[in-house]
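[1] With the input below, show me the fold.
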Amino acid sequence: MTSPSTAPIGEAPYGHRARIGYTSPPLTTEVFPFEFYKMAPAGVTLVITTLAIVVRSKAEVDQSYDTSMKAAREMAAAGVDIIMLGGVPINLSRGTAHAQQMIQDLEAELKVKVSTSASAQARAAKALGCKKVVVAQPYAHADTDRIASYALHFGCEVLGATGWGSAFNQIGRIPQDAALKMGRELKRAHPDADSILLPSPHWPTVGAIDPLERELGVTVMTALQAIVWHALRRCGVTDRIEGFGRLFREF
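    Numbers count the residues shown, from 1 in each chain. Here you go, the predicted model:
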C-alpha cells in the first residue's frame with residue numbers, strides 16, 4: 001500500500017473538471033470555502049477573491065462592486081471556467097437590468113462564462129418550482145424584511161421570514177443547527193409554504209438541506225447550494241450528487 005507521502009502525483013491539475021471563480025463579499029470569508037468543498041465533486045476547485053464587506057455600508061457595497069470587476073478580469077486571466085459574482089446586494093446595487101447587462105458585457109469582454117449569486121438563485125428557484133416560500137436569514141432581525149424581499153426577484157411569494165440575529169462579521173460563529181431550527185419554526189408557522197430559502201452563502205446551511213426536505217416535505221434552496229449547482233451545470237459538470245437536496249439530486 002502506498003503511503004500518502006509517497007503516492008504518485010497526478011498529471012491533471014486539481015480543477016481539471018472545473019475551476020470556479022467566486023468574488024466573496026465578506027472581507028473575512030470562512031464558511032463559503034468549507035461548505036463549497038463539501039458539495040463540489042472531485043476535480044472541481046474554487047478560485048476566490050474576498051471583497052470589502054464588514055458592516056454592509058453603501059460605501060463598502062460600492063467598493064466591493066468595483067473590486068469584483070477587477071477580480072473578474074484577473075480570474076479570467078488566470079483561466080477559470082466561470083466567474084460567479086457574489087452578493088445579491090452587490091449584484092443588484094445598480095438595478096436588475098444593469099446586473100444582466102453587466103454579465104453580458106463581461107462575457108463579451110473576457111470570453112469566460114459569468115454569472116451572479118442573484119442569477120444562480122433565480123435559476124435554482126425556477127428549476128425547483130419554488131412558489132410560496134419562507135426565508136431564514138442569519139443577520140440582524142432588522143434586516144429580515146430586506147433580505148426576504150430578494151426572493152421576489154426569484155419569482156417567489158414570501159409567506160414569512162425570520163433572522164438569527166448575527167452581526168455580519170460573526171456569522172462564522174453561528175451554530176450548525178441554526179438553519180435547521182429556523183426552518184422547522186417557519187414551516188410550523190406557515191404550513192402552506194412549499195419551500196424554505198436560506199439566503200447568504202456565508203453561514204452554516206449545508207447540513208440542514210436534506211433533513212428539512214425529508215422531515216417537512218418541502219424544497220430547500222440555499223444560496224451556496226444554488227451558486228455551486230449553477231456554476232457546475234454551466235461548466236458542463238452534470239453529476240447527480242446525493243446529500244444536498246433535490247437541486248443536486250434531480251437537476
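[2] what kind of secondary structure is residue 45 in?
    Look at residue 45: counting by DSSP: H, G, I helix; E, B strand; the rest coil, its state is strand.
[3] what bridges to it?
    Beta bridges link residue 45 to residue 19 when assigned by DSSP bridges.
[4] which residues does it contact?
    Residues in contact with residue 45 (CB atoms under 8 Å, 6 or more residues apart in numbering) are 14-15, 18-20. Yep, even glycine has a C-beta here, placed from its N, CA and C like the rest.
[5] quick one: average pLDDT of stretch 179-198?
    Model confidence over stretch 179-198, given as mean pLDDT, is 98.
[6] again but with stretch 215-222, I slipped
    The predicted model gives stretch 215-222 an average pLDDT of 98.
[7] how about that stretch: buried residues?
    Within stretch 215-222, the residues that count as buried by 16 or more other CB atoms under 10 Å are 216, 218-222.
[8] before we move on, the earlier item: any of the contacts of residue 45 buried? List them.
    Buried positions within the contacts of residue 45, assessed by neighbour count (16+ other CB under 10 Å), are 15, 18-20.
[9] quick one, phi psi at the nearest residue to residue 219 once chain neighbours are set aside?
    Leaving aside its sequence neighbours, residue 219 sits nearest to residue 195 (CB to CB, 6 or more residues apart in numbering; 4.3 Å). Per-residue torsions, residue 195: phi -150, psi 150 (degrees, to the nearest 10).
[10] For residue 195, give its distance to residue 162.
    In this structure, residue 195 and residue 162 are 15 Å apart, going by CB to CB, to the nearest Å.
[11] In which helix or strand does residue 211 reside?
    helix 209-216 (DSSP states H and E).
[12] Which strands or helices does that helix pack on?
    helix 178-189, strand 219-222 (3 or more CB pairs under 8 Å, 6 or more residues apart in numbering; DSSP states H and E).
[13] Go through those and pick out the most buried.
    With neighbours taken as mean count of other CB atoms under 10 Å, these reach their highest mean count in strand 219-222, at a mean of 27.
[14] just the helices in the stretch 1-150 of the chain please.
    Under the criterion DSSP state H, counting those that start in this stretch, helices of the stretch 1-150 of the chain are mapped to 31-39, 58-78, 88-91, 96-110, 117-128, 144-153.
[15] Minimum distance to residue 155: which of the helices and strands packed on helix 209-216 has it?
    Judged by CB to CB, the one of these that comes nearest to residue 155 is strand 219-222, at 12.0 Å.
[16] quick check: angle from the helix or strand that that closest one is followed by to helix 144-153?
    Using DSSP H and E, the next helix or strand after strand 219-222 towards the C-terminus is helix 223-234. Angle of helix 223-234 versus helix 144-153, following axes from the mean of the first three to the mean of the last three CA atoms, to 10 degrees, is 20 degrees.
[17] Give me the residues contacting helix 223-234.
    Counting contacts by CB under 8 Å, 6+ apart, the residues outside helix 223-234 that touch it are 18, 20, 22, 32, 35-36, 39-41, 44, 82, 84, 86, 88, 113, 115, 117, 119-121, 123-125, 198-201, 205-206, 209, 238-239, 244-245, 247-248, 251.
[18] Skip ahead from it and say which helix or strand is next.
    Per DSSP H and E, the first helix or strand lying C-terminal to helix 223-234 is helix 246-250.
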